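J.: this one's sequence-less:
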């Protein structure tokens, strides 16, 4: 298997280079260690279709319940919107990659560079948030209500469980890389959401999640610190998973070879 893995042009901004955004190799987003680009597309189609059904069903159902004003206050909903946005974007790039005769990720290179940076950032968020969200929900928030209606049950499982598997499919089957310094942006993202939860409380008089309630005193402080630290731990856990994925691919011979190396080997054989 051959690949080019052309990098984005180096950024003139030091902060972009520090985070590693300009190290992104777009072809990694549309190819896999384990399957062909066509099979990767066929995997992404039902996954993206499911996420589309869930997000619009969630919005529609929330609207009918008269709770849409609170919709964007929940970290779960923001996380699922990010996951859906990534899946749709990845599907779009996969389709164009297969339609390009020379198999070149042209859509990445012709769009504004900032969109590529956002794509990389979004990838990192879905890796982390879609682990934290199910863990926090099922360990701290789920009260095991009996008699919950089927729609609520399906949506709960979809955004607090199935979302994890949608993310893992993407992580396992693509060749995307992680960049360590982006952990700082993840932390900033979490802090911004914390501020949002405070704004919601100040304006609406309720806490989005019970463990954020300051009235819990030292216990609340422990939750803030513990949950915040969990994001960092999960980030580096995902980096470990990526390293394992690459290591297995190399050990099994599934890691694609650089096109330049293939051409060099062919040239050497011709000389011999």
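T.: Received it, and whenever you're ready, just let me know what you need. Everything numeric here is computed off the predicted structure, so don't read it as measured data. Numbers count the residues shown, from 1 in each chain.

J.: Quick one: the helices in the stretch 51-200 of the chain, in order.
T.: 75-99, 106-110, 113-136, 150-157, 163-173, 183-204 (DSSP state H, counting those that start in this stretch).

J.: The second one: which residues count as buried?
T.: What that stands for is helix 106-110. For helix 106-110, burial by neighbour count (16 or more other Cβ atoms under 10 Å) applies to 107, 108. Heads up, the C-betas are built off the backbone N, CA and C, glycines and all.

J.: Which strands and helices lie in contact with it?
T.: Helix 106-110 sits against helix 75-99, with contacts defined as 3 or more Cβ pairs under 8 Å, 6 or more residues apart in numbering; DSSP states H and E.

J.: Can you pull out the low-pLDDT segments for the stretch 1-150 of the chain?
T.: 1, 144-147 (pLDDT under 70).

J.: rewinding a little: as TSV, the helices of the stretch 51-200 of the chain with distance to residue 3 would be great.
T.: Formatted as TSV, the helices of the stretch 51-200 of the chain follow (distance: least, Cβ to Cβ, whole Å):
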stretch	distance to residue 3
helix 75-99	11
helix 106-110	14
helix 113-136	18
helix 150-157	37
helix 163-173	15
helix 183-204	27
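
J.: Ok, which of those comes nearest residue 212?
T.: Of all the helices of the stretch 51-200 of the chain, helix 183-204 sits nearest to residue 212, with 5.3 Å by Cβ to Cβ.

J.: and the longest helix for this protein?
T.: helix 218-251 (DSSP state H).

J.: Tell me the buried residues in that one?
T.: 220, 223, 227, 230, 231, 234, 235, 238, 239, 242, 245, 249.

J.: So which of the helices of the stretch 51-200 of the chain is nearest residue 24?
T.: Using Cβ to Cβ, the helices of the stretch 51-200 of the chain put helix 113-136 closest to residue 24, at 5.1 Å.

J.: tell me what that closest one is packed against?
T.: Using 3+ Cβ pairs under 8 Å, 6+ apart: helix 113-136 touches helix 75-99, helix 163-173, helix 183-204, helix 218-251.

J.: now that helix against helix 218-251, angle please.
T.: In terms of direction (axes from the mean of the first three to the mean of the last three Cα atoms, to 10 degrees), helix 113-136 departs from helix 218-251 by 120 degrees.

J.: for the buried residues of helix 218-251, which one is nearest residue 143?
T.: residue 223 (16.9 Å).

J.: which non-adjacent residue is nearest that closest one?
T.: Spatial nearest neighbour of residue 223, excluding adjacent residues (Cβ to Cβ, 6 or more residues apart in numbering): residue 211 at 4.2 Å.
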